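J.: Turn this into a structure:
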Amino acid sequence: MTSETFSLLEGYMHSCMDATAHDVQHVYRVLKNARAIAADEPGVDMDVLETAVLLHDIGRPAQFKDPALDHALFGAELAYDFLLSHGFSAEFAAQVRHCIRAHRFRRSCEPETTEAKILFDADKLDVTGAIGVARTLLYQGQTDRPLYAVDREGRLIESDEVPSFFREYHFKLENLYDKFYTKKGAALANARRQAAVDFYEALRAEIGMD
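T.: Okay, the predicted model is just below:
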């Protein structure tokens, strides 16, 4: 990818991002992760991969305004239209669109290409370990969700009943590690795993639940 093309994509990404947990630094971390994973995978089209990484969350602001939207599906179409309007081929734009459509944890389609699998893993890697905990807490605050909730007997609610950090931890953070498509992605994630477990256990203890 030429520097001019990278700058074009980067500029469009910057114009679309306005969230704290899904900000431009998230995109750059995912790009770093994707490059590391791709180094161990044969036949990766790096232009498709890097384009998909840079544009994978451009639908986030729309979903934040309208939670009924799926940012992956909406963003995939934004990316497709943007690429076509800037002279990229329909085949290239379609490959990028698939990567973006398939990158979401709560996904509506499975990643089928190597590039889509790498994007999925690189994005999920940014939800593991300490960075995953930090981003989850940022998102909880951004969406006005409580850190935790208790029932009438004062017991911590750790189910889907009430939005909280603990619901996200059990639904997403602790269940990521067997869902990676690449060996490198899984290895990088598992190296971070204990940091999230330690935070969860310490938080429970400090609020008096252990």
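
J.: helix or strand right after the lowest-mean-pLDDT helix or strand in the chain?
T.: None of the helices or strands of the chain scores lower by mean pLDDT, DSSP states H and E than helix 60-65, at a mean of 76. Beyond helix 60-65 on the C-terminal side, the first helix or strand identified by DSSP states H and E is helix 71-85.

J.: returning to what we had before: please name every helix or strand in contact with the least confident helix or strand of the chain.
T.: helix 71-85 (3 or more C-beta pairs under 8 Å, 6 or more residues apart in numbering; DSSP states H and E). Heads up, the C-betas are built off the backbone N, CA and C, glycines and all.

J.: 10 Å instead?
T.: Here helix 60-65 touches helix 3-16, helix 71-85, going by 3 or more C-beta pairs under 10 Å, 6 or more residues apart in numbering; DSSP states H and E.

J.: What residues of the shortest one count as buried?
T.: Neighbour-count burial for helix 3-16 flags 8, 9, 10, 12, 13, 16 (criterion: 16 or more other C-beta atoms under 10 Å).

J.: right, and the fourth one touches residue 81 too?
T.: Spelled out, that is residue 12. No: between residue 12 and residue 81 no contact is recorded; they are 11.1 Å apart, counting by C-beta atoms under 10 Å.

J.: so what's the closest residue to residue 86 other than its chain neighbours up against?
T.: Nearest non-adjacent residue to residue 86, counting by C-beta to C-beta, 6 or more residues apart in numbering: residue 8, 6.5 Å away. Shown in contact with residue 8 (C-beta atoms under 10 Å, 6 or more residues apart in numbering): 1, 2, 51, 54, 82, 83, 86, 88.

J.: Can you tell me which of those are buried?
T.: Burial by neighbour count, 16+ other C-beta under 10 Å: within the contacts of residue 8 this picks out 51, 54, 82, 83, 88.

J.: Which pair of these spans the longest distance?
T.: For the buried ones among the contacts of residue 8, the maximum inter-member distance is 12.9 Å, found between 54 and 88 (C-beta to C-beta).

J.: Roughly how far does the spatially most distant residue from the centre of the chain sit from residue 207?
T.: Note on the chain: the largest separation between a C-alpha and the mean C-alpha position, by C-alpha atoms, centre = their mean, falls on residue 153 (35.8 Å). As judged by C-beta to C-beta, to the nearest Å, residue 153 and residue 207 stand 15 Å apart.

J.: Tell me which helix or strand the residue nearest in space to the middle of the chain sits in.
T.: What sits nearest the mean C-alpha location of the chain, by C-alpha atoms, centre = their mean, is residue 123, with 4.0 Å. Residue 123 belongs to helix 114-125 when assigned by DSSP H and E.

J.: In three-state terms, how would the closest residue in space to residue 156 that isn't next to it in sequence be classified?
T.: Distance criterion C-beta to C-beta, 6+ apart; nearest residue to residue 156, sequence neighbours excluded, is residue 209 at 4.6 Å. Three-state assignment for residue 209 (DSSP: H, G, I helix; E, B strand; the rest coil): coil.
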